[in-house]
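Asker: From the sequence below, what's the structure:
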Amino acid sequence: MILDLHTHTCWSFDGFLDPVRLVRVARARGLDGIAVTDHGEIGGAEEARRAAGGDLLVVVGQEIETRGGELLGLFLRERIVAEDPLEAVGAIHDQGGIAVLPHPFARSCTIDERVARALDACEGFNARHAGVARLEGTGGEDRVMEFARRYGLSLTAGSDAHFAREVGRARTQVTASSEEEVRERILRGDTVLSGRRSSPFNRLATVLWRSWRALRHPEPDRD
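Answerer: Numbers count the residues shown, from 1 in each chain. This next block holds a predicted model:
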């Protein structure tokens, strides 16, 4: 199976894609599955899963903002609210999920040692923050692989897509036929990564979209 394990919908404060359109685009790009990892929300992932109707695997995930930086939770059942990174990892594991460090070298990699050892995986390739222009059939970027070896982490790849044109630019390949098998393969580290770096204009467009949306359409409180 070929999956993009980091995507966003309009449920994210800086997301643009409607969940139904995300599913449609993922299918058109030849993906077998996606993880929807909206900031602080899982509603977009649940909408995408309903829209997929079983024809496309949709992993329910969330990008969690903690005091120690962002974390991805994959294979979730409930939304997670936790400011402490260790609590966030614990909450992910309580749901049987996988805790992933996204874009580990986007700025620096000064993650707390205890948190690093509690994680299950890190992104070996994030199309928005990649340090190389292209990755093909390898484990990940050299600097990330060294980090992963140090802490015994599996590797994933995700586009970090906020716009349709980004979906599928990073891919995680696993030998699996079900969601549970995908989860097991990731935990075992049986993944092959590939991808192409996104244009930096996508990140600029996200900043502009976020600013416009904050002014025109403030997010309702979903708590």
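Asker: Just the buried positions in the longest strand along the chain, please.
Answerer: Determined from DSSP state E, the single longest strand within the chain is strand 57-66. Of all the residues in strand 57-66, those buried under the rule 16 or more other C-beta atoms under 10 Å are 57-64, 66. No exception for glycine: its C-beta is placed from N, CA and C like everyone else's.
Asker: pLDDT of the helix or strand following that strand, averaged?
Answerer: Next in sequence after strand 57-66, counting helices and strands by DSSP states H and E, comes strand 69-74. Strand 69-74 carries an average pLDDT of 95.
Asker: for strand 69-74, packing partners?
Answerer: Secondary-structure packing of strand 69-74 (3 or more C-beta pairs under 8 Å, 6 or more residues apart in numbering; DSSP states H and E): strand 57-66, helix 85-94, strand 98-101.
Asker: Confidence-wise, which helix or strand of the chain is lowest on average?
Answerer: For the chain, counting by mean pLDDT, DSSP states H and E, helix 200-216 ranks last in confidence among helices and strands (a mean of 58).
Asker: In contact with Ala116: list those residues for me.
Answerer: 101, 150-151, 153 (C-beta atoms under 8 Å, 6 or more residues apart in numbering).
Asker: distance of it from Tyr151?
Answerer: Distance of Ala116 to Tyr151, given as C-beta to C-beta, to the nearest Å: 5 Å.
Asker: do Val81 as well
Answerer: Note on Val81: its distance to Tyr151, by C-beta to C-beta, is 25 Å.
Asker: if you count what's nearby, which of the two comes out ahead?
Answerer: Using other C-beta atoms under 10 Å as the criterion, Val81 and Tyr151 rank with Tyr151 on top: 17 against 13.
Asker: Quick check: pLDDT value at that one.
Answerer: Looking at Tyr151, its pLDDT stands at 96.
Asker: just Arg114 next, same as before
Answerer: 94.
Asker: what are the ranges of the strands in the protein?
Answerer: Assigned by DSSP E, the chain shows strands spanning 2-7, 33-36, 57-66, 69-74, 98-101, 121-126, 134-138, 154-158, 170-173, 192-196.
Asker: Dump the ones you listed into JSON lines; add distance to Val25 as well.
Answerer: As requested, the strands of the chain are exported to JSON lines (distance: least, C-beta to C-beta, whole Å):
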{"stretch": "strand 2-7", "distance to Val25": "9"}
{"stretch": "strand 33-36", "distance to Val25": "9"}
{"stretch": "strand 57-66", "distance to Val25": "13"}
{"stretch": "strand 69-74", "distance to Val25": "20"}
{"stretch": "strand 98-101", "distance to Val25": "22"}
{"stretch": "strand 121-126", "distance to Val25": "18"}
{"stretch": "strand 134-138", "distance to Val25": "21"}
{"stretch": "strand 154-158", "distance to Val25": "15"}
{"stretch": "strand 170-173", "distance to Val25": "14"}
{"stretch": "strand 192-196", "distance to Val25": "16"}
